[in-house]
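# no letters, just coordinates:
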DNA sequence: CTGCGCCTGTGAAACGCGTCACACAGCGTC
DNA sequence: GACGCTGTGTGACGCGTTTCACAGGCGCAG
């Protein structure tokens, strides 16, 4: 797939005329990342916008001693790194490639020029940010009101919808998704996740095998969310 | 103060040429709210953008049985209600006037037209949303890593900076800021807030008297945040 | 094959915070 | 002035989660 083809699938640039799309593609650099390699770190100046071409990137806030909260998990066609470009502040979170792959890099100035000159891009970006806001707001809500079990359930349903692939008698999430990863997505410990998953396994709702998670009955999971 | 004067102070419309500003002012309606009166409710269709002229508005997510989390507290010059306009989904939170006052109301279509036709507005809005994102992301971080005491401390410092007025030997926040209000801003119970505040009172850091909070030494408070 | 590191499984103990149940003080209202 | 409402102060108790400590399994590097 050429960068242009990817950009069309990226909601940010979805309805751009072909001429603009060509211009944009010419400004992009492509950069390859290994699994575990950082893209940027909290405190860095914001110099570019990134679009995931292949692989996977997680955006996270670090805590003390290796703890972290994952704010977003991004796959092909999704973008990140726009906050620091928009308000001029340093990066507010870390971004790390969780699976090897390639990112398209759009330098700050080019991105801002597009924003100013192509209203559709700005409007698309606003819509994207809005949806992301809804998600984050719900995270805040859950942190205040829901117990770990509920938060995990919601996460599983969300993962099934956004990254699930049918197979193995259910929806498969993964590979490379450890209990520790799940823990940092809901703000809990690995042990709590374990106990929660095991209870679901006992009910025949999920199957969990070393980095791969099979949701056998998403509807019944969803039904637990009041 | 006329609406135009307020709009200039509103970062969203800050650098608009006078001609545009006049057009904008002509589209606005003004609406008066009593203390406690709802502006919109979760699930409503998004029909307008609001700018606080006088008074105060809180944006909150409701939980079960009267519990709530306050996502934002907005004073004169600040705006809200844009999310549902940008992505077309229903309102994701409640908005309630906490103090009587007047709001400027910009109907959905007029707002969207401005966005498309005046790139500066879109760019300003993006910057505003970015800053708001940083705050919400930090809320998520805190919910995962910080205990109640730390969250309260951070809130006090933030309130001092955004709504504090010097006086009474320190920075005054309030009036009309109960322990219950503080509780719903950090996702804790009123009782926890009480115990925390009292410990700070014992240390001579704050004074608290019926809906008014005096921070006697903001720097020492800030120093507690690692 | 052997070791070593990452991931998973499990349980006991500690702890923070929410829940509940009060007492009491200011303030507006009839 | 008596009442009720709303906000504050406080302690006992319980529950959900984290913490800690350890045991096993699988996969990969040497």
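Right, received. Where do you want to start? Bear in mind the structure is a predicted one, so any value in this text is a computation, not a measurement.

# so residue A:83 sits right up against residue A:49, yeah?
No - if you go by Cβ atoms under 8 Å, residue A:83 and residue A:49 don't touch, sitting 10.0 Å apart. Every C-beta, even on glycine, is put in place using the N, C-alpha and C of the backbone.

# out of these two, which sits in the more crowded spot?
residue A:49 (26 against 22; other Cβ atoms under 10 Å in any protein chain shown).

# contacts only, for that one.
A:79, A:80, A:81, A:82, A:85, A:105, A:106, A:108, A:111 (Cβ atoms under 8 Å, 6 or more residues apart in numbering or on different chains).

# same check on residue A:15?
For residue A:15, the contact set (Cβ under 8 Å, 6+ apart) comprises A:120, A:124.

# switch the contacts of residue A:49 over to TSV; also include distance to DNA strand C, pLDDT and secondary structure.
Listed next are the contacts of residue A:49 as TSV, based on distance: Cβ to the nearest atom of the strand, whole Å; pLDDT from 0 to 100; DSSP: H, G, I helix; E, B strand; the rest coil:
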residue	distance to DNA strand C	pLDDT	secondary structure
A:79	26	96	strand
A:80	22	97	strand
A:81	25	97	coil
A:82	29	97	coil
A:85	32	97	helix
A:105	27	96	strand
A:106	31	96	strand
A:108	34	96	helix
A:111	34	96	helix
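
# now a PyMOL select for only the buried ones of these.
With 16 or more other Cβ atoms under 10 Å in any protein chain shown as the criterion, this PyMOL line picks the buried residues out of the contacts of residue A:49:
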select buried, chain A and resi 79+80+81+82+85+105+106+108+111
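
# let me know the closest of the contacts of residue A:49 to DNA strand D.
residue A:80 (26.0 Å; Cβ to the nearest atom of the strand).

# how about the helices in chain A?
All helices of chain A, identified by DSSP state H, fall at A:3-9, A:18-27, A:83-87, A:108-117, A:119-145, A:148-163, A:179-186, A:190-202, A:218-223.

# with distance to residue B:161 as added columns, please give those helices in JSON lines.
Formatted as JSON lines, the helices of chain A follow (distance: least, Cβ to Cβ, whole Å):
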{"stretch": "helix A:3-9", "distance to residue B:161": "41"}
{"stretch": "helix A:18-27", "distance to residue B:161": "39"}
{"stretch": "helix A:83-87", "distance to residue B:161": "17"}
{"stretch": "helix A:108-117", "distance to residue B:161": "28"}
{"stretch": "helix A:119-145", "distance to residue B:161": "20"}
{"stretch": "helix A:148-163", "distance to residue B:161": "31"}
{"stretch": "helix A:179-186", "distance to residue B:161": "30"}
{"stretch": "helix A:190-202", "distance to residue B:161": "35"}
{"stretch": "helix A:218-223", "distance to residue B:161": "42"}
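
# worst average pLDDT in those helices?
Mean pLDDT is lowest for helix A:3-9 out of the helices of chain A, coming in at a mean of 73.

# now do it: distance to the chain's middle.
Offset of helix A:3-9 from its chain centre (Cα atoms, centre = their mean, to the nearest Å): 18 Å.

# contacts only, for residue A:154.
A:142, A:146, A:225.

# swap that for residue A:184, please
A:60, A:67, A:68, A:69, A:70.

# which among these end up buried?
Applying 16+ other Cβ under 10 Å to these flags A:60, A:68, A:69, A:70 as buried.

# dump the residue contacts of residue A:64.
residue B:145 are the contacts of residue A:64 under Cβ under 8 Å, 6+ apart.

# so it versus residue A:178, what's the distance?
21 Å (Cβ to Cβ, to the nearest Å).

# and the residue nearest the centre of chain A, what pLDDT?
Among the residues of chain A, the one closest to the centroid is residue A:73, at 2.1 Å (Cα atoms, centre = their mean). pLDDT, residue A:73: 94.

# which ones are touching it?
A:56, A:57, A:58, A:59, A:98, A:163, A:185 are the contacts of residue A:73 under Cβ under 8 Å, 6+ apart.

# repeat that with 7 Å
A:56, A:58 (Cβ atoms under 7 Å, 6 or more residues apart in numbering or on different chains).

# is it bridged to anything, and to what?
Under DSSP bridges, the beta-bridge partners of residue A:73 are residue A:58.

# quick one on the thing from earlier: export the buried ones among the contacts of residue A:184 to CSV and append columns for distance to chain B.
Shown next, in CSV, are the buried ones among the contacts of residue A:184 (distance: Cβ to the nearest Cβ, whole Å):
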residue, distance to chain B
A:60, 10
A:68, 9
A:69, 5
A:70, 10
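
# okay if I get those residues as JSON lines plus distance to DNA strand C and pLDDT?
Putting these into JSON lines (distance: Cβ to the nearest atom of the strand, whole Å; pLDDT from 0 to 100) gives the following:
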{"residue": "A:60", "distance to DNA strand C": "15", "pLDDT": "95"}
{"residue": "A:68", "distance to DNA strand C": "13", "pLDDT": "93"}
{"residue": "A:69", "distance to DNA strand C": "16", "pLDDT": "95"}
{"residue": "A:70", "distance to DNA strand C": "14", "pLDDT": "96"}
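
# sounds good, over and out.
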